[in-house]
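In: A structural model of the following input is requested.
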Amino acid sequence: MPRGNFFAVLLALSLGSRADDVAVGSEATKTPAPGHSMHGEAFNEGPRQAAVLIPGTGDVHFPVTTTNDLAQKFFDQGVGQLHGFWYWEAERSFRQVAAIDPNCAMAFWGMAMANVNTPKRAGEFIRKATALKEKVSRREQLWIGSLAGYYESRQDEKERREAMVKALEDLSYEFRDDLEAKAFLVLQIWDNKNHGIAIPSRLAVDAIAQQVLAANPMHPGVHHYLIHLWNYGRADQRALPSAARCGQSAPGIAHLWHMPGHTFSELKRYADAAWQQEASARVDHAYTMRMHVLPDQIHNFAHNNEWLVKNLSNIGRVHDAIDLARNMIELPRLGPGKQQSYRLGRERLLETLLRFEMWDDLAHLDGTMYLDPFQDPLEEIQRRRVLGCAWFQKGDSARGQRELDALKDSLQKMRVERIAAADAAESKAKAAKQPEDQIARAMADALRSFSYRMAQTSNAIADLRITRALAAGAVADARKQLALATDIPAERLARIQFAVGNTDKALALALDAANADPKQIQPQANLADIQWRAGKKEDAIATFHKVRDLAAQADLDAPVFARLAPIATELALAADWRPTPVTADDAGVRPNLTKLGPFRWQPLPAPDWSLPDQTGKNIALSNYAGRPVLLLFYLGSVCGHCIEQLNIFAPMTKQFADAGIEIIAISTDSAEGLGKTFAQAKQDGAFTFPIVSDAGLQTFKAYRAFDDFENIPLHGAFLVDAAGRLRWQDINYQPFRDANWLLGEAKRLLSIPMPTSPTAAR
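Out: Below you'll find the model as predicted:
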């Protein structure tokens with residue numbers, strides 16, 4: 001069954017009536033702009049496709065006033081999703097409740113709870129709940145009143161947060177069997193701490209949580225919040241029981257697999273932390289691919305994945321760390337400035353490649369989109385520094401010198417700009433008739449603004465000069481530059497000191513780096529290598545045993561581990577000297593990771609379609625097989641913003657074509673009505689790309705450019721690659737109009753080779 005039909009059938013089963021018959025308040029009588037919700041501004045954003053019952057969202061039950069069993073199931077699902085901070089899907093679940101039972105006041109309470117990070121929308125939702133609260137029980141009225149008080153009160157935030165705690169305490173006291181009141185009370189007390197309200201006693205809060213667990217040992221929210229509660233100082237050990245159960249309590253919610261990573265990372269149990277974060281990444285990948293949601297639309301997605309890269313590095317899974325960092329870079333960005341995974345992925349990629357001396361990988365990626373120049377000047381300094389190191393280490397002095405010269409040119413340019421900035425500050429202060437001390441301060445501030453970047457550039461230059469000298473065998477020259485590079489990481493500096501003959505300094509630096517975090521494998525391996533080469537055989541063997549204890553998942557072909565082969569030979573160990581991985585008894589019952597989802601995100605096939613143009617001739621997506629296509633779904637000739645969008649993209653048709661990308665517009669108008677769109681073209685009286693009719697909206701539904709709750713089409717833009725896979729999308733109540741940005745993003749995405757099938761994503 002096509003995806004669009006699936007959601008239509010689901011909605012019909014859920015409602016038993018047309019979605020556009022559902023009215024919410026007086027605003028339902030207004031005629032909204034195309035793509036806008038009939039229920040008010042808050043409903044324009046958030047999920048607008050029907051919810052489904054998702055397995056594994058937690059064993060929670062929050063009874064509300066409704067006569068519809070399906071509405072109650074979706075409400076319970078929404079509460080479980082709230083406990084997992086899965087706010088996007090929680091709001092969808094609560095919207096489904098309201099679609100099924102428009103009089104369920106608590107559905108709007110749930111929508112407000114799902115918008116804790118967008119208070120304006122939350123306030124609009126809770127007002128709708130308040131308007132319906134006379135129809136519900138006293139218990140539900142207290143729930144609604146507590147949240148309404150928070151958003152409607154004129155008190156300052158501290159007073160409102162304290163009032164919320166009191167309201168939840170009152171609820172817990174009057175309705176002692178209400179586990180959710182206690183669970184959300186634990187959350188509120190912990191969250192208040194992040195807003196300047198101290199927790200008087202964490203043990204007392206833990207006691208409240210234990211009351212919930214006594215009744216429901218696998219309550220997902222309580223395990224989640226206990227991890228947060230004890231994630232401070234050295235108290236994380238107290239959260240281990242919850243860390244062992246958190247993901248298992250709601251295996252369909254990625255964030256609850258992620259949360260134990262906090263506990264295990266603080267306890268320096270990096271293999272356990274990596275397992276949790278990989279579980280989270282796999283669940284998120286499976287969800288986004290199944291529901292056609294872009295990864296960065298998911299709360300915490302980028303943070304989880306970049307932290308996973310760090311922990312993979314900590315345990316020596318070098319190739320997986322690089323692979324995942326590259327996948328983060330490959331992900332579709334949401335729009336200008338909305339590129340969290342891309343940015344963090346690039347940072348982690350450079351960091352991992354340098355730390356593990358992956359010079360061949362760096363050389364291979366130089367000149368590709370993975371190592372494109374950074375916009376941020378400091379990140380660009382680091383990129384050139386790392387690439388320069390790689391090329392000098394590989395013996396390609398010309399390419400290494402290219403990066404070194406670029407850094408030197410940048411430093412000289414900064415010197416000129418620095419003086420100009422000081423002069424400009426002086427002129428401005430004098431024009432404002434500032435006193436001499438203020439003029440001097442303004443000039444000093446202007447000079448100071450360049451200081452850190454210039455220092456970083458100078459460090460990078462010194463580092464590359466050291467690397468160049470050592471590669472050429474000029475040890476004396478390298479030694480002279482050492483004092484000028486003040487920010488080289490200790491384990492790398494130890495290798496440099498050893499190379500220039502400062503053996504004692506090298507051993508001391510390597511030992512300090514290893515002792516700083518004894519559970520990270522790379523510093524330990526680095527120490528063992530230097531000890532062995534320095535002739536400290538017994539010390540090297542003792543350190544090697546520490547390395548081996550940590551090496552169950554390490555990639556032994558990485559240079560820092562490959563250099564330990566002589567020690568393994570000395571000990572008569574096999575070439576693969578890693579121990580068998582063992583799961584700790586207190587880590588919980590763990591499912592097979594591959595069953596949770598793929599390691600990498602991959603785009604899925606775009607639904608095919610065949611639609612008539614203004615002449616009645618059918619055009620199909622399959623006609624464009626082997627060619628990328630940009631699809632613009634627009635809401636007919638009556639939508640002024642849509643016509644504006646088409647007129648923005650029309651002049652760029654050739655630029656897209658030069659990039660190998662065809663543009664096709666898909667309209668809600670009939671084929672006969674498409675002429676009204678052409679009549680509004682600003683470029684020579686005609687649009688330069690095909691426009692087809694989807695008056696029946698089946699294609700809109702198949703691509704999910706459709707509000708299932710209100711039965712109205714939405715604006716959509718979709719990039720389909722030559723193999724027919726959806727590489728990027730924007731579904732919104734308003735059209736995507738940044739054609740220049742999208743052209744650049746399309747070129748970037750289409751340059752990335754993809755596996756032939758999603759199964760190749762592991």
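
In: Quickly find the element holding residue 343.
Out: Per DSSP states H and E: residue 343 is located in helix 340-355.

In: and that helix, how far from the chain's centre?
Out: Relative to the centre of its chain, helix 340-355 is centred 13 Å away, using C-alpha atoms, centre = their mean, to the nearest Å.

In: Alpha carbons only: can I get it in PDB?
Out: The C-alpha trace of helix 340-355 is given here as PDB (Å, rounded to 0.1, in the frame of the first residue of the first chain):
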ATOM      1  CA  GLN A 340      24.400  20.600  13.500                       C
ATOM      2  CA  SER A 341      25.300  17.100  12.400                       C
ATOM      3  CA  TYR A 342      27.400  18.400   9.500                       C
ATOM      4  CA  ARG A 343      29.400  20.800  11.700                       C
ATOM      5  CA  LEU A 344      29.900  18.300  14.600                       C
ATOM      6  CA  GLY A 345      30.700  15.500  12.200                       C
ATOM      7  CA  ARG A 346      33.500  17.500  10.600                       C
ATOM      8  CA  GLU A 347      35.000  18.400  14.000                       C
ATOM      9  CA  ARG A 348      35.000  14.800  15.100                       C
ATOM     10  CA  LEU A 349      36.400  13.500  11.700                       C
ATOM     11  CA  LEU A 350      39.400  15.800  11.900                       C
ATOM     12  CA  GLU A 351      39.900  15.100  15.600                       C
ATOM     13  CA  THR A 352      39.900  11.300  15.000                       C
ATOM     14  CA  LEU A 353      42.000  11.300  11.900                       C
ATOM     15  CA  LEU A 354      44.700  13.300  13.600                       C
ATOM     16  CA  ARG A 355      44.600  11.500  17.000                       C
END
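
In: Which other helices and strands does it contact?
Out: helix 301-314, helix 318-330, helix 359-365, helix 377-393 (3 or more C-beta pairs under 8 Å, 6 or more residues apart in numbering; DSSP states H and E). Every C-beta, even on glycine, is put in place using the N, C-alpha and C of the backbone.

In: spatially speaking, which residue is in the middle of this protein?
Out: In the chain, the centroid-proximal residue (C-alpha atoms, centre = their mean) is residue 302; its distance is 2.2 Å.

In: right, and it touches residue 338 too?
Out: No. With contact defined as C-beta atoms under 8 Å, residue 302 and residue 338 do not form a contacting pair (10.7 Å).

In: Quick check: what element follows the helix or strand residue 257 falls within along the chain?
Out: Secondary structure assigned from DSSP H and E places residue 257 in helix 254-258. Counting by DSSP H and E, the next helix or strand C-terminal to helix 254-258 is helix 260-266.

In: what residue ranges in this protein score low on pLDDT?
Out: 1-30, 683-685, 755-762 (pLDDT under 70).

In: Let me see the domain layout of it.
Out: 1-140, 153-248, 367-488, 610-761 (automatic domain parsing).

In: Can you add distance to residue 578 and mean neighbour count and give those back as JSON lines?
Out: Formatted as JSON lines, the domains of the chain follow (distance: least, C-beta to C-beta, whole Å; neighbours: other C-beta atoms under 10 Å):
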{"stretch": "domain 1-140", "distance to residue 578": "33", "mean neighbour count": "20"}
{"stretch": "domain 153-248", "distance to residue 578": "25", "mean neighbour count": "18"}
{"stretch": "domain 367-488", "distance to residue 578": "26", "mean neighbour count": "16"}
{"stretch": "domain 610-761", "distance to residue 578": "25", "mean neighbour count": "18"}
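
In: With distance to residue 590 as new columns, can the ones you listed be given to me in JSON lines?
Out: Converted to JSON lines, these look like this (distance: least, C-beta to C-beta, whole Å):
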{"stretch": "domain 1-140", "distance to residue 590": "14"}
{"stretch": "domain 153-248", "distance to residue 590": "8"}
{"stretch": "domain 367-488", "distance to residue 590": "32"}
{"stretch": "domain 610-761", "distance to residue 590": "21"}
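
In: Determine which of these approaches residue 533 most closely.
Out: With C-beta to C-beta as the criterion, residue 533 lies closest to domain 367-488 of the domains of the chain, at 14.8 Å.

In: Endpoint to endpoint, that closest one covers what distance?
Out: End-to-end span of domain 367-488 (C-alpha to C-alpha, to the nearest Å): 25 Å.
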